[in-house]
Each structure stands twice: as C-alpha cells, then as structure tokens.
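> Take a look and give me a structure for this.
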Amino acid sequence: MTDVTRRARLRSRVPVAELRQRGWLPDTNDLDVLEAAVKEFLGISDLGTEPQFAVAERRSNATVSFSPQQAAWLARFRRVAEVRTVPAFDASATRALAEDLVHRIHDPTDLGQIEGWLAEVGVVVVTLLPLKSSKLDGAVTMLDNARPAIGLTSRGDRMDGYVFTLLHELAHVSLGHLETVTVRADEDIVTAAGPDGPEAEANQQAAEWILPEGVPLPSGRPSMSAALQIAARYRIHASFVIGRIQRAHQDWGLLRRSLPRVRPYISVEN
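Sure thing, here's the model as predicted:
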C-alpha cells in the first residue's frame, strides 16, 4: 500500500490534522505511528473495522455511518468519561434532578454546577467542543460501570440550547432508550426529530421539564418584557422562555441577544 493510500485511509477514519492540532493524536508525519495512534484512539485492532461505539442510534438517519468528525468526537468523549469517578447511578434521583434542573439555574454562573449535580446521582457529564463539521449537539451512553455518561458540545453557545440538550440526553436515560443501543448521538437536536420515536419522546420530555407545553405564549412579535413575565411565573430563567418562543415561531433570531452564552461558565474538556 502506498503512502498516499495509507494517508487517505487514515483521513477516512478521523480528521487527522484537526486531531493533531487538538493533541488527540501525536504531532508526527510518521505513518506507522499515526496508524497505531488512530487504532488506539478508536479502540480498534484494524483500520478496516468499526469501533464498538459506532453501533448507535443517530437522530438524522440511523442507517448512515458516523462521519470521521463524529466518530472522533464520540471516541474522545467516551475516553474522558471513562476516567471520571461518580457514585452508583440512582435512576429515581436522576429523574427528580431533571425535573428540578431549570429551577436551580438562576443565572449563567449556575451552569458551572451542573456536572457536580449530575455526578451526585451517578451521571457523568462531559462538555467537549465540537470538531469542525461534526454537527453534533450531544450524545449519551452507558459506561462499563453501569453509569450513564452525557457528552455535550455546547454548539451554538447559548444557555437554553445547552440545557435543553442535557435534558434531552437525560430523557433518553429516564425513558429507557439505552437498553438496546450502545450510544445515542444527537445532531441538530431542536429541529431534526421526527414526529414520533425515541428522539421525539426525548424532545417532548425535555421540553416538559423546562416549561409545560400548554403555557400560553405571547402573540404577535414577542417582547423581552413578556418573556420575563412568563419566566417569573414559572420560576425559570428567561432564556428558557425565549427558546420556547423561538421554537413556536420557528424563528431562532427572536430575542437572540438576550440569551446568555455558556462557555464562559462551564468546564470544557480538550
């Protein structure tokens, strides 16, 4: 096999250049070293085989393979999650926390406590910035020690989206959606779910944990004042109301400037 062919095969498995820049692969041009590193990174013995975590459900199309960027992100997420130490998983306490989560978040600084809150009930949470063109919002898997692990990309860097994705993944756990698959990976989480199935169920549950579906929303062009009134009535941050308004109008620009960023307040893994 020529060097050109070997390099093309490596790029078909992972985005080699980007992973080298992030320190996930050694910064070398030695093909023997790179091939060994990619196999170790993906947990495979041969570059022609699929990693175990690739047996997964995907939001957009479960029959389509993961892109190299998605496979690499999932591999790194699982590796980081596996070394985290948390108590035994408590399913009832996890659901109770999911139901109460938005009422604990009074301002963006509270986002930094999410990992700790979930760790207390036996759930690992990892925030790992997305790779270019990966389009992933998050993923959830069960680790070998029977503890759920949730990976978040913070794609979009907006508080409502970050928390909704977290609750969506918690819904997968609470609704038993991990009983038959290794990983559930979600892309374009707000807009890509179909009308039914596990993804629609997880979206519905996450939305209900944030704000009941029957809550009246302002008609016409919504104002920040109206959003604040609803937020005060339901004891949640206004960003979650804005997210619901945007979804109702299918306009993701409405009141966008009033949505806090996420990344300044959370721990982000490399």
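> Could you use CA atoms for every contact and neighbour count after this?
Noted.
> Name the next helix or strand following the lowest-mean-pLDDT helix or strand in the chain along the chain.
When the helices and strands of the chain are scored by mean pLDDT, DSSP states H and E, strand 56-58 comes last with a mean of 60. The helix or strand immediately downstream of strand 56-58 is helix 68-82, counting by DSSP states H and E.
> so after that next one, what's the next helix or strand?
helix 91-104.
> what residues does that following helix touch?
With contact meaning C-alpha atoms under 8 Å, 6 or more residues apart in numbering, helix 91-104 is reached by 110, 118, 121-123, 167, 170, 174, 209-210, 235-237.
> Buried members of those into ChimeraX, please.
Buried members of these, defined by 16 or more other C-alpha atoms under 10 Å, are picked up in ChimeraX with:
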select :118,121,122,123,167,170,174,209,210,236,237
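> got any ranges where the stretch 1-150 of the chain has weak pLDDT?
For the stretch 1-150 of the chain, applying pLDDT under 70 flags the ranges 55-64.
> can you do 90?
Scanning the stretch 1-150 of the chain for pLDDT under 90 picks out the ranges 1, 48-66, 135, 145.
> Domain-wise, how is the chain divided?
As assigned by automatic domain parsing, the chain contains the domains 1-49, 75-210.
> can I get these in JSON lines with distance to residue 67?
Listed next are these as JSON lines, based on distance: least, C-alpha to C-alpha, whole Å:
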{"stretch": "domain 1-49", "distance to residue 67": "8"}
{"stretch": "domain 75-210", "distance to residue 67": "7"}
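> Can you tell me which of these is most buried?
Stretch with highest mean neighbour count among these: domain 75-210 (a mean of 19; mean count of other C-alpha atoms under 10 Å).
> Ends of it, what's the gap?
30 Å (C-alpha to C-alpha, to the nearest Å).
> do the same with stretch 84-93
19 Å.
> Same check on stretch 137-154?
Span of stretch 137-154 from end to end, C-alpha to C-alpha: 7 Å.
> what sits up against it?
Taking C-alpha under 8 Å, 6+ apart as the rule, stretch 137-154 contacts 74, 77-78, 81-82, 88-89, 122-130, 136, 155, 161-162, 165-166, 169-170, 172-173, 178, 182-189, 262-263.
> Now the element after the longest strand anywhere in the chain, going C-ward?
Secondary structure of the chain per DSSP state E: the longest strand is strand 136-142. Scanning forward in sequence from strand 136-142 by DSSP H and E, the next helix or strand is strand 148-152.
> Run through the neighbouring helices and strands of the following helix or strand past that next one.
Per DSSP H and E, the first helix or strand lying C-terminal to strand 148-152 is helix 159-174. If you count contacts as 3 or more C-alpha pairs under 8 Å, 6 or more residues apart in numbering; DSSP states H and E, helix 159-174 packs onto helix 91-104, strand 136-142, strand 148-152, helix 198-210, helix 238-249.
> Fine by me, thanks again.
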